[in-house]
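Trainee: here you go, sequence then predicted model.
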Amino acid sequence: MNYQETLGYLFSQLPMYQRIGPAAYKANLDNTLALSHRMGHPEKTFRSIHIAGTNGKGSVAHMMASVLQEAGYKTGLATSPHLKDFRERIRINGKQIPKSEVVRFVSRHRSFFSQIQPSFFEMTMAMSFQWFAEQKTDIAIVETGMGGRLDSSNIIRPELSVITNIGLDHVQFLGPDLVDIAREKAGIIKKGVPVIIGQRQAAVQHVFEEVASRQEADLTFASDHFTVHGSRTVVINGRPRLVAEVMHQGRACGYSTDLTGHYQLHNLVTVLGAFCVLNRTVRMKVPHDAIQSGLQNVVENTGLLGRWQQIGRRPDIICDAGHNAEGIGMVFDQLAGIPHHTMRVVFGMVDDKERASILALLPKRAVYYFCSPSVPRGLDAKKLASDAGFFGMCGKTFNTVQDALAAAKKDASPNDLVFVGGSTFVVAEVV
């Protein structure tokens, strides 16, 4: 098989949550353990950092990978989902796994896949671990796909466990309330492994305290030690940067990052807390200048896409992959602060998301271009428009994301603001 044939096999033969949703979910680690055993337990050959959370885990993973690259470590990065190319999921020092290696992996293990029928994510995680082991990475940043306790990534014993925050998402799998979801995320906490929690959330902090105590794991809440006292967006060498003043132990320090969504301030605090713990408890050498330069060059070092990404000017066109109420709410708060004449919103969703809580957050005075992303889970644009009408939003419907964006651009004046989002899959079609 060539690369395209291999992708066709993966996407059509193996269950893939990204495309088909709940039918692909596996509520155990049996296949993951079987794959690991077959491959000689590659996850035991490299150091790792494990990241879970409802929002922000992808950004935190890319930030940490960028910093470790700047510190001189050969750094693996395993994330999901991908936007343009499957190989975005598996990188070393920002370089995607070669197409030939994807083909080689699938060809070598295809008969075994037929025997145990692993999910798409189980297979992808096994491929990640084997590639990192073969390439002798110093350390790998591994992002969970969903939850934590039963996630396919949860066979590693990391140097540090990181949990960004807890919000209501994937409730059909993880539980109906924040405490249930927190318990699933806390499943990545390992015996004696330090854990950093990004935000102290009163409703769930006891969950992490209980699990960390039981596992004898040193527990730190990053927000207890790092506080953002001010931020602004500036242009440095022609590139926008988010600049923040952060207080730590009574001292102020400035940081800048090329990730300019205001929600990245929460992730910045998590990352700073994580490296503070690593330097203190794991004794990894991650100097302050590597943290500074790594944060400044996340996109360049790792290739991160779809996080408050500007894809057009006059009118300004911004896309963001936020896809739950908390994430989308923060995005629209920032959009509201940008001077504009008319806001035009290209918006689509998948059909297994809780729509009401998201639609309630959207601005009523914006002009909407409803669309459906081209995946089986895509919510019909007419159904989305009908639901949005109950919340006072009006707009046209389009068969594709590209048609919707083209119409928004045609209607817009240079002083308008166009936003594209609602789903990772919508953003994937425009970046």
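Mentor: Happy to help now that I have it. Nothing here was measured: the structure is a model prediction, and the numbers come from that model.

Trainee: could you look up the SS state of residue 373?
Mentor: Under the three-state scheme (DSSP: H, G, I helix; E, B strand; the rest coil), residue 373 adopts coil.

Trainee: pLDDT below threshold where in the stretch 101-250 of the chain?
Mentor: Scanning the stretch 101-250 of the chain for pLDDT under 70 picks out the ranges 168-176.

Trainee: how about the helices in it?
Mentor: Here the stretch 101-250 of the chain has its helices, by DSSP state H, counting those that start in this stretch, at 120-134, 171-174, 178-185, 205-214, 222-225.

Trainee: CA atoms only: put the longest one into CSV for me.
Mentor: Spelled out, it's helix 120-134. Only the C-alpha atoms of helix 120-134 are listed here, as CSV (Å, rounded to 0.1, in the frame of the first residue of the first chain):
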residue,chain,number,x,y,z
PHE,A,120,-8.2,4.2,15.4
PHE,A,121,-6.9,5.9,18.5
GLU,A,122,-5.5,2.7,19.9
MET,A,123,-3.6,2.1,16.7
THR,A,124,-2.4,5.6,16.5
MET,A,125,-1.1,5.7,20.0
ALA,A,126,0.8,2.4,19.4
MET,A,127,2.3,3.9,16.3
SER,A,128,3.4,7.0,18.3
PHE,A,129,5.1,4.9,21.0
GLN,A,130,6.9,2.7,18.5
TRP,A,131,8.2,5.7,16.5
PHE,A,132,9.4,7.6,19.6
ALA,A,133,11.2,4.4,20.8
GLU,A,134,12.8,3.8,17.4
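
Trainee: for that helix, the distance to its chain's centre please.
Mentor: 18 Å (Cα atoms, centre = their mean, to the nearest Å).

Trainee: other residues contacting that helix?
Mentor: Applying Cβ atoms under 8 Å, 6 or more residues apart in numbering, the external contacts of helix 120-134 come out as 10-11, 14-18, 24, 26, 31-32, 35-36, 39, 42-43, 45-46, 76, 78, 80, 86, 89-90, 92, 97, 101-102, 105, 109, 113, 118, 140, 142, 145, 152-153, 156. C-betas here are computed from N, CA, C, even on glycine.

Trainee: most tightly surrounded among the helices of the stretch 101-250 of the chain?
Mentor: Comparing the helices of the stretch 101-250 of the chain by mean neighbour count (mean count of other Cβ atoms under 10 Å), helix 120-134 comes out on top with a mean of 24.

Trainee: out of the helices of the stretch 101-250 of the chain, nearest to residue 399?
Mentor: Of all these, it is helix 120-134 that lies closest to residue 399, at 26.5 Å by Cβ to Cβ.

Trainee: pop the domain breakdown of the chain in here.
Mentor: Using automatic domain parsing, the domain ranges for the chain come out as 3-226+258-302, 309-428.

Trainee: okay if I get those as CSV plus distance to residue 239?
Mentor: Shown next, in CSV, are the domains of the chain (distance: least, Cβ to Cβ, whole Å):
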stretch, distance to residue 239
domain 3-226+258-302, 6
domain 309-428, 11
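
Trainee: indicate which one of those domains is closest to residue 250.
Mentor: Nearest to residue 250, of all these, is domain 3-226+258-302, at 11.0 Å by Cβ to Cβ.

Trainee: rewinding a little: out of the domains of the chain, which comes closest to residue 252?
Mentor: Nearest of the domains of the chain to residue 252, taken as Cβ to Cβ: domain 3-226+258-302 at 11.1 Å.
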